[in-house]
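Peer 1: Next input, structure requested:
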Amino acid sequence: DEPDELQVLWESSIDGPLDDDAADSGGLIFFDTSILASGTHTIALNVTDSNDEVSSTSINIVVGGTGGSEEGDPTVSIDGPMDGEEFLQSEPITIIGMVTDNEQPWGTIHTNVISSRDGLLWEGQPDDSGIVQVDVSGMTVGLHTLTLGAVDRDANQASDQVQIEVLADERPSVNITLPGDGDWYWNTDSIRFEGSVGDDVTDPQDLLLTWESDISGVFGTLPANPAGTTSVEVMLEAGWHNIFLTAEDIDGNQTTDAILLEVRDPLAHDGDLDGYTELEGDCDDADPYTHPGAEDTCDTRDNDCDGMVNEDSWDDWEPSDELGYAMDLGDVDDGWIFSSGASASAGLTLHSEDDEDWVRFDAGDDWGIDNVNITVDVGAFPASGSYVVELYLLDESSTVPVAVDTGSGRLSVHFVGDVWDGGEDDFAVRVYASSWPGGTCDRLYTIDIYDS
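Peer 2: Numbers count the residues shown, from 1 in each chain. Down below sits the predicted model:
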């Protein structure tokens, strides 16, 4: 079990249970109290693991009397490293200590860490719990006496010492400095990798360097500069990459540093967290309400990403957005003389701001017998929008209308034919919104053709 997962209990033979706060991740545990009863206490520390196995240790202390009024020396202890411990020069060394005082707040005591070889390594104050934690690296090779010293506000002093040995490291030192472990990029990004290398024998520029991904393979082998800095820029494919920087010295000794890097494909990334990526058909990955599983609603967007807008409100003649796909009413002249109200279309809708409806018909103009004078009524349209109705004589032009009406409500266009012209047969009506009011997808309108 990890130290901070163990069950802890402090007990007094007089006062019973005292404290059950867990240790920290390094196994350090402490608490303070001023409520112990007078007498001789056996203080026990009991620890239980996940298998209910128990270990205990205890000390005896005496509590009693009123205590002195003068402040005594601080108490100092080095809890790590252990006396006689050895470290490679490239390894970081963590110095952990405890500083307490019987009157002064522990976090206000002046404290320092000194090496007999390298001098002052750190100075400052413990945290409010009296803990000192100092990380050092690159210490001189050889024996070091490490001293943790403390001075309180009355100049009372205390210290503790341990001796360690720093060994020459025959392997190169390697550190990836950029990107950070766990960073992510897009597969369209040019990613800059940086690192620092060194060795106790080989000059940095003479080290053999390799940048490598477990997915994409080797992507950099350029040497470092004399200061030991190495860099490379590369684009990587999508995936979780273990990135390795390996340095090899002239003796064949190798050291590798590694980070984990995520490279994302923007098309495979659910940017709006709607459950769909662009590769899965999301046509707007910045809008969580637009995706293949969305319900089609009456607005200006393709809500369900099927390439159609407001298709649930399309009329039976869709798509009729071009003359080539126009709704054909056929021959609206049922006799030799064009009859009033010869044709009325079924209900149509303008279901979006881009929708158009084209209708074509044959007026059956017979030269010298009847003549075409046409009125086309269209509507009624919502008062909140603006609409356009155009009438085309296809015998002359399919691009220039012969009559136009705009507005809302019911619109009307007219055409007066030439009695001596028997070629005024084919007509078309184009209907669209110049200002479409949202929410009118299901609003029906009709097209009625009359002899005017």
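Peer 1: Distance from the chain centre to stretch 157-174, please.
Peer 2: On the basis of CA atoms, centre = their mean, to the nearest Å, stretch 157-174 sits 41 Å off its chain's mean C-alpha point.
Peer 1: I should have written stretch 84-100 there, sorry.
Peer 2: Stretch 84-100 sits 38 Å away from the centroid of its parent chain (CA atoms, centre = their mean).
Peer 1: CA atoms only: put stretch 187-198 into PDB for me.
Peer 2: The C-alpha atoms that make up stretch 187-198 are tabulated as PDB, following Å, rounded to 0.1, in the frame of the first residue of the first chain:
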ATOM      1  CA  ASN A 187      -1.800  17.000 -36.200                       C
ATOM      2  CA  THR A 188      -1.600  20.200 -38.300                       C
ATOM      3  CA  ASP A 189       0.700  21.900 -35.800                       C
ATOM      4  CA  SER A 190       4.500  22.100 -36.100                       C
ATOM      5  CA  ILE A 191       5.600  20.900 -32.700                       C
ATOM      6  CA  ARG A 192       8.800  22.300 -31.200                       C
ATOM      7  CA  PHE A 193      10.800  19.800 -29.100                       C
ATOM      8  CA  GLU A 194      13.600  21.100 -26.800                       C
ATOM      9  CA  GLY A 195      15.900  19.300 -24.400                       C
ATOM     10  CA  SER A 196      19.100  19.700 -22.500                       C
ATOM     11  CA  VAL A 197      22.000  17.100 -22.300                       C
ATOM     12  CA  GLY A 198      25.300  16.900 -20.600                       C
END
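Peer 1: residue contacts, D127?
Peer 2: D127 is in contact with G107, counting by CB atoms under 8 Å, 6 or more residues apart in numbering. Bear in mind the C-beta positions are built from the backbone N, C-alpha and C, glycine included.
Peer 1: which SS class is it?
Peer 2: For D127, the secondary-structure state derived from DSSP: H, G, I helix; E, B strand; the rest coil is coil.
Peer 1: Tell me how far it lies from V376.
Peer 2: 87 Å (CB to CB, to the nearest Å).
Peer 1: and if you look at I215?
Peer 2: On the measure of CB to CB, I215 and V376 end up 66 Å apart.
Peer 1: next one: F30
Peer 2: F30 sits 94 Å away from V376, taking CB to CB as the criterion.
Peer 1: More neighbours: which of the two?
Peer 2: V376 (26 against 14; other CB atoms under 10 Å).
Peer 1: In contact with that one, which residues?
Peer 2: Applying CB under 8 Å, 6+ apart, we find V376 in contact with V389, L391, S412, V413, H414, V429, I447, D448, I449, Y450.
Peer 1: May I see the buried residues of the helix or strand containing the second one?
Peer 2: The one in question is L391. Using DSSP states H and E, L391 falls within strand 386-393. Buried residues in strand 386-393, counted by 16 or more other CB atoms under 10 Å: Y387, V388, V389, E390, L391, Y392, L393.
Peer 1: Make JSON lines from those and add pLDDT and distance to C305 to it.
Peer 2: Output for the buried residues of strand 386-393, formatted as JSON lines (pLDDT from 0 to 100; distance: CB to CB, whole Å):
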{"residue": "Y387", "pLDDT": "96", "distance to C305": "29"}
{"residue": "V388", "pLDDT": "97", "distance to C305": "30"}
{"residue": "V389", "pLDDT": "96", "distance to C305": "33"}
{"residue": "E390", "pLDDT": "97", "distance to C305": "32"}
{"residue": "L391", "pLDDT": "95", "distance to C305": "37"}
{"residue": "Y392", "pLDDT": "96", "distance to C305": "35"}
{"residue": "L393", "pLDDT": "93", "distance to C305": "41"}
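Peer 1: After the lowest-mean-pLDDT helix or strand in the chain, which helix or strand is next?
Peer 2: Taking mean pLDDT, DSSP states H and E as the measure, the chain has strand 343-344 as its least confident helix or strand, at a mean of 55. Going down the chain from strand 343-344, the next helix or strand is strand 348-349, by DSSP H and E.
Peer 1: For that following strand, which strands pair with it and how are they oriented?
Peer 2: Taking DSSP bridges as the criterion, strand 348-349 sits next to strand 444-451 (antiparallel) in its sheet.
Peer 1: Show me where the stretch 251-400 of the chain has its strands.
Peer 2: Assigned by DSSP state E, counting those that start in this stretch, the stretch 251-400 of the chain shows strands spanning 254-264, 327-331, 343-344, 348-349, 356-362, 373-381, 386-393.
Peer 1: rank those strands by pLDDT, which is bottom?
Peer 2: Lowest mean pLDDT within the strands of the stretch 251-400 of the chain: strand 343-344, at a mean of 55.
Peer 1: The residue nearest to the spatial centre of the chain and S313, how far apart?
Peer 2: Nearest residue to the geometric centre of the chain (CA atoms, centre = their mean): G271, 7.7 Å. According to CB to CB, G271 stands 29 Å off from S313.
Peer 1: next one: W106
Peer 2: 74 Å.
Peer 1: Repeat that for I449.
Peer 2: 25 Å.
Peer 1: Compare those two (neighbour count), which wins?
Peer 2: Ranked by neighbour count (other CB under 10 Å), I449 and S313 place I449 first, with 26 against 19.
Peer 1: List the beta-bridge partners for that one.
Peer 2: If you apply DSSP bridges, the partners that I449 bridges to are S343, V376.
Peer 1: Wait, it touches R360, no?
Peer 2: No: look at I449 against R360 with CB atoms under 8 Å: they stay out of range, at 11.2 Å.
Peer 1: In a strand, W240, correct?
Peer 2: Yes: per three-state DSSP, W240 lies within a strand segment.
Peer 1: what's the closest non-adjacent residue to it?
Peer 2: Nearest non-adjacent residue to W240, counting by CB to CB, 6 or more residues apart in numbering: E262, 5.5 Å away.
Peer 1: What about the one you found, how many residues nearby?
Peer 2: Counted by other CB under 10 Å, the residues lying close to E262 total 13.
Peer 1: For it, give its distance to V174.
Peer 2: In terms of CB to CB, E262 sits 22 Å off from V174.
Peer 1: Next up, the contacts around G330.
Peer 2: Applying CB under 8 Å, 6+ apart to G330 gives the contacts F361, D362.
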